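**Q** Let's see this in three dimensions:
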Amino acid sequence: MQWKITSLWRAITTVLAAGLFWWVAGFSEPGAAIAGMADIIEVRANPQADGTYSFSVTVRHDDTGWDHYADAWQVVGPDGAVLGTRVLLHPHVNEQPFTRSLGGVAIPAGVRRVTIRAHDKVHGDGGMSAEVELPGR
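**A** Okay, here's the model as predicted:
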């Protein structure tokens, strides 16, 4: 009898622990755990003749479709201000990782480094970001 109670207790606690994990992690959407957060893989920053910068950014995210995909990346200043946003209008399910560019980003005087961060429809900002030294500064 003791063995059956112990086995039942282990089964119940395992199920409860798994449920708690999913709840705490915020995986309410099917596929959210699979897709995870969007990561910045590579960044190239180039000064332009007009004093702005263009950025070429490679993002990796296991897009699952229209409900869960990397939908933007941002250039963020050291004070947390968003200096530029590249909106991504569709999922890239069969194109991973993918690279997109954004030009005309005005960087305030004295700023030598910016952070590039990705955003996805389920998790928001998150995943790996990249800090970039701006050439010509």
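
**Q** The closest residue in space to Glu131 that isn't next to it in sequence sits in which helix or strand?
**A** Counting by C-beta to C-beta, 6 or more residues apart in numbering, Glu131 lies nearest to Thr115, which is 5.2 Å off, once chain neighbours are set aside. Bear in mind the C-beta positions are built from the backbone N, C-alpha and C, glycine included. For Thr115, the host element (DSSP states H and E) is strand 113-120.

**Q** List the neighbouring strands of that strand plus their orientation.
**A** strand 70-76 (antiparallel), strand 124-133 (antiparallel) (DSSP bridges).

**Q** Report pLDDT for the spatially most central residue of the chain.
**A** In the chain, the residue lying closest to the centroid (C-alpha atoms, centre = their mean) is Ala38, at 2.8 Å. Reported pLDDT at Ala38 in the predicted model: 92.

**Q** May I have the phi/psi pair for it?
**A** Backbone torsions for Ala38, taken as degrees, to the nearest 10, come to phi -80, psi 140.

**Q** Hmm, it is touching Val122, no?
**A** No: the criterion here is C-beta atoms under 8 Å, and Ala38 misses it with Val122 at 9.8 Å.

**Q** Which strand or helix spans Gly103?
**A** In the assignment (DSSP H and E), Gly103 maps to strand 98-105.

**Q** related to what we said a few turns ago, ok, the residue nearest to Glu131 touching Ala130?
**A** Yes: counting by C-beta under 8 Å, Thr115 touches Ala130, with 7.0 Å between them.

**Q** Sounds good, over and out.
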